[in-house]
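Engineer: below is the structure, and that's it, no one-letter string:
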């Protein structure tokens with residue numbers, strides 16, 4: 001019997017409605033609407049375009065059923081870069097000058113007063129908001145440094161278990177304050193990985209010299225090899241490559257390839273790319289693509305902190321998304337921070353972030369918007385290493401979102417209610433909204 005039957009779902013605008021059958025947390029069939037209830041055999045999978053082997057059982061009366069009535073279903077959204085430990089700090093102390101240096105300084109000061117209880121409370125609020133907005137996986141970057149120690153990592157490891165049935169949390173050991181510049185950080189990162197952190201992080205530009213930045217990158221990637229985990233670095237986060245510490249794309253690509261880490265390294269921000277000359281930028285993107293290094297623009301933060309020194313022709317400061325696509329670089333986007341010194345905005349809604357990215361990136365029309373949506377779903381799954389068990393296809397884990405819109409092309413534009421959020425075949429969130437218009441009676445004359 002099916003554990004959950006999702007009826008009359010729209011999964012593609014050029015295909016008929018379908019039924020999605022879920023058993024034991026996985027999608028076992030995607031068939032034309034009505035087939036799952038009749039138990040007919042040999043039904044095609046309209047999403048994959050191939051015949052389904054083994055027809056679904058008729059829906060069991062006791063099984064859960066969601067009748068989409070033509071609403072869109074997409075794979076679960078993936079927050080591929082989120083700082084839960086530093087969320088919701090803006091009310092405690094905002095960034096005085098709006099710069100990256102100011103954000104790091106303010107947050108460093110606030111971290112000295114962190115308690116496990118406070119970090120847990122703020123992180124929970126954002127995790128639960130993200131779940132309600134359709135997020136089924138979060139890659140979280142808690143700070144690891146001599147200021148805060150492993151407090152953030154320990155809290156996030158606990159939340160990873162607490163929310164396991166509702167959202168998957170990958171914990172990154174992130175050295176925000178640098179490694180060489182902050183003695184003792186390397187030992188803390190090692191301990192974080194021994195305690196169960198899933199990913200080794202980096203902040204390649206936050207060192208005193210270019211040589212130290214290179215050592216930072218090499219240290220992070222060596223830890224990735226040693227512990228058998230992916231690496232996820234903050235890199236090239238400036239308006240341009242004038243300071244060589246913010247022009248490390250090629251170095252990171254080559255260091256990744258030398259260690260055989262292709263497909264296991266992601267770079268957040270990478271705003272300096274937008275400030276490079278076109279031919280130089282194209283060469284850097286080619287190197288990143290060849291090394292299988294993913295890029296994750298963080299548009300809320302990148303736009304807010306970037307261009308602060310420009311008084312005319314203010315730069316947008318976001319990695320060039322269309323060029324990433326054209327170069328074959330795997331790309332996602334994410335919220336990064338929620339209401340703190342780095343980003344005083346946001347509510348952990350990836351569809352809001354995606355619409356903003358489209359607006360500032362000159363991305364429009366059905367093809368572009370579909371690709372932007374993929375950056376928060378299938379492409380993000382590749383970035384965080386779950387592509388083999390993810391997606392709207394037979395055999396994938398049933399992480400799905402039912403949206404209150406009836407065209408896939410309109411998902412970003414409509415900012416739809418998340419009617420239901422499904423994690424591993426179980427409904428973990430529902431949202432309903434009703435609007436009643438009180439209009440004066442129109443004249444029929």
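Structural biologist: Cool, the structure landed. All of these numbers come straight from a predicted model, not from anything done at the bench.
Engineer: how far does stretch 421-438 sit from its chain's centre?
Structural biologist: What separates the centre of stretch 421-438 from the centre of its chain is 21 Å, taken as CA atoms, centre = their mean, to the nearest Å.
Engineer: which parts of it are buried?
Structural biologist: By neighbour count on 16 or more other CB atoms under 10 Å, the buried set for stretch 421-438 is 421-425, 428-429. All C-beta atoms are positioned from the backbone trio N, CA, C, and that covers glycine.
Engineer: list the buried residues of the helix or strand hosting residue 104.
Structural biologist: Assigned by DSSP states H and E, residue 104 belongs to helix 100-111. Neighbour counts using 16+ other CB under 10 Å place 100, 102-104, 106-108, 110-111 of helix 100-111 among the buried residues.
Engineer: quick check: which helices or strands does that helix pack against?
Structural biologist: Of the remaining helices and strands, none touches helix 100-111 by 3 or more CB pairs under 8 Å, 6 or more residues apart in numbering; DSSP states H and E.
Engineer: mean confidence score for the very next helix or strand once past it?
Structural biologist: Once helix 100-111 ends, the next helix or strand along the chain (criterion: DSSP H and E) is helix 116-132. Per-residue pLDDT over helix 116-132 has a mean of 98.
Engineer: helix 116-132 versus helix 100-111: what angle between them?
Structural biologist: 120 degrees (axes from the mean of the first three to the mean of the last three CA atoms, to 10 degrees).
Engineer: circling back: which other residues reach the helix holding residue 104?
Structural biologist: Applying CB atoms under 8 Å, 6 or more residues apart in numbering, the external contacts of helix 100-111 come out as 86, 89, 92-96, 143, 145, 147-148, 176-177, 206, 237-238, 305, 340-342.
Engineer: please indicate which of those residues are buried?
Structural biologist: Buried members of those, counted by 16+ other CB under 10 Å: 86, 89, 95, 143, 145, 147-148, 176-177, 206, 237-238, 305, 340-342.
Engineer: mind listing the helices for the protein?
Structural biologist: Secondary structure of the chain by DSSP state H: the helices cover 35-38, 100-111, 116-132, 151-162, 185-195, 210-227, 249-258, 278-290, 299-305, 321-327, 350-360, 365-375, 378-383, 411-414.
Engineer: which helices and strands does the fourth one pack with?
Structural biologist: What it means is helix 151-162. If contacts are counted by 3+ CB pairs under 8 Å, 6+ apart, helix 151-162 sits against helix 116-132, strand 168-173, helix 185-195.
Engineer: repeat the analysis, applying 10 Å as the threshold.
Structural biologist: Helices and strands touching helix 151-162, by 3 or more CB pairs under 10 Å, 6 or more residues apart in numbering; DSSP states H and E, are helix 116-132, strand 135-140, strand 168-173, helix 185-195.
Engineer: and for the longest one?
Structural biologist: Applying 3+ CB pairs under 10 Å, 6+ apart, one finds that helix 210-227 makes contact with strand 168-173, helix 185-195, strand 199-203, strand 231-235, helix 249-258, strand 265-269.
Engineer: now do it: distance to the chain's middle.
Structural biologist: Relative to the centre of its chain, helix 210-227 is centred 24 Å away, using CA atoms, centre = their mean.
Engineer: contact partners for the residue nearest to residue 67 when sequence neighbours are not counted?
Structural biologist: Using CB to CB, 6 or more residues apart in numbering and skipping residues adjacent in sequence, the residue nearest residue 67 is residue 7, 4.8 Å away. By CB atoms under 10 Å, 6 or more residues apart in numbering, the contact set of residue 7 is 17-21, 33-34, 36-37, 59, 65-69.
Engineer: so who does residue 405 touch?
Structural biologist: Going by CB under 10 Å, 6+ apart, the list of residues near residue 405 reads 10, 70-72, 411-417, 419.
Engineer: got it, and residue 225?
Structural biologist: Listed by CB under 10 Å, 6+ apart, the contact set of residue 225 reads 200, 231, 259-261, 264.
Engineer: let's see 6 Å
Structural biologist: The neighbourhood of residue 225, defined by CB atoms under 6 Å, 6 or more residues apart in numbering, consists of residue 259.
Engineer: again, but for residue 169
Structural biologist: Counted by CB under 6 Å, 6+ apart, residue 169 has contacts 138, 140, 160.
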